[in-house]
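> task: produce atomic coordinates for the following.
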Amino acid sequence: MSRTAQSPEVDRLVHAILPHVAFDGWSDVAFAEAVRDVGMSREAARALCPRGAVDLAVAFHKAGDAAMVAAVEAADLGSMRYSDRVSFAIRARLAAAADKEAVRRGSALFALPHLAAEGAALIWGTADTIWTSLGDTSTDGNWYTKRATLAAVYASTVLFWLGDDSFEEQATDDFIDRRIDNVMQVEKIKAQVNAMPLLKPVTAPFAAFMERVRAPSAAASAEDLPGRWTQPR
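Next comes the predicted model:
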């Protein structure tokens, strides 16, 4: 999926609101203070961010995704196992977030009923960005299962990271390794089950179903889900 860069004005507002988020959350009060700090008119700020601080919280999250991509592209991952590359990308995403209080307040914001779907979409988008940055080429049902699994891993990792006070966040590193190992074990079991001749009558129809599911096209927007379905010939 294509990712578009945010405007410099929005980036300025995101940078300006972060010190206020620690005290006022992603709120109208914090938004007003950020607008004042950058010397922007309220009308211009609302034109950029119609929902005020909510839009800046979204921009903050997407800026973290972009920073993670930059870190992955700058790193030499060629000698790493694939699971280690995924772990690296997750760690890079947490490093990009940096401001734990802003993330904590953002988690609370997107837990609100009217914003929960958008929060889930942001986590999905992060998982998609990680896989895409690592060169994932899947186009069938695996496109969805990979992102759903990684979204769950990333969401649980963020919650653990927010409460981690260990030295250099070693506990979070260990947590990531355990979660990725769990995922690899599940994939290994799936492969073993699919290879069992006695289970072919059960696994073959499901595999055929997953092969017909199609990921969104490269030109589609991030909101163009759940993708495409191809009719059997």
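> what about the strands in the protein?
213-214, 228-229 (DSSP state E).
> doesn't L134 make contact with V72?
Yes - using Cβ atoms under 8 Å, V72 is in contact with L134, at 6.9 Å. Just so you know, the C-beta spots here come from the backbone N, C-alpha and C atoms, and that holds for glycine as well.
> shared neighbours, those two?
Any residue near both V72 and L134 by Cβ atoms under 8 Å, 6 or more residues apart in numbering counts here, and that gives A89.
> between those two, which is the more surrounded one?
The neighbour count for V72 versus L134, taken as other Cβ atoms under 10 Å, is higher for V72 (20 against 15).
> so where's the protein shaky on pLDDT?
Within the chain, the stretches with pLDDT under 70 are 1-5, 186-196, 198-214, 217-233.
> D11 and D177: what is the separation?
33 Å (Cβ to Cβ, to the nearest Å).
> same question, A32
Counting by Cβ to Cβ - A32 and D177 are separated by 43 Å.
> tell me which of these two has more neighbours.
Counted by other Cβ under 10 Å, A32 and D177 do not tie: A32 has more neighbours, with 17 against 13.
> so which bits of stretch 40-54 are buried?
For stretch 40-54, the neighbour count (16 or more other Cβ atoms under 10 Å) marks 40, 45, 48-49, 52-54 as buried.
> got it, and stretch 149-169?
In stretch 149-169, counting by 16+ other Cβ under 10 Å, buried: 149-151, 153-155, 157-158, 160-161, 164, 169.
> need these in JSON lines (columns: distance to D140).
Output for those, formatted as JSON lines (distance: Cβ to Cβ, whole Å):
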{"residue": "T149", "distance to D140": "15"}
{"residue": "L150", "distance to D140": "17"}
{"residue": "A151", "distance to D140": "18"}
{"residue": "V153", "distance to D140": "21"}
{"residue": "Y154", "distance to D140": "22"}
{"residue": "A155", "distance to D140": "24"}
{"residue": "T157", "distance to D140": "27"}
{"residue": "V158", "distance to D140": "28"}
{"residue": "F160", "distance to D140": "32"}
{"residue": "W161", "distance to D140": "32"}
{"residue": "D164", "distance to D140": "36"}
{"residue": "E169", "distance to D140": "36"}
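> closest to S27 among the residues you listed?
V158 (21.1 Å; Cβ to Cβ).
> what are the ranges of the helices in the chain?
Under the criterion DSSP state H, the chain contains helices at 8-24, 28-38, 42-48, 53-74, 82-97, 100-109, 116-133, 141-162, 170-194, 200-212.
> report the inter-axis angle for the second one versus helix 100-109.
By that I understand helix 28-38. 140 degrees (axes from the mean of the first three to the mean of the last three Cα atoms, to 10 degrees).
> which strands or helices does helix 28-38 pack on?
Applying 3 or more Cβ pairs under 8 Å, 6 or more residues apart in numbering; DSSP states H and E, one finds that helix 28-38 contacts helix 8-24, helix 42-48, helix 53-74.
> buried ones in that helix?
30-35.
> quick one: it to helix 8-24, angle?
Using the same axes, to 10 degrees: helix 28-38 against helix 8-24 is 130 degrees.
> since that was my last question, I'll sign off now.
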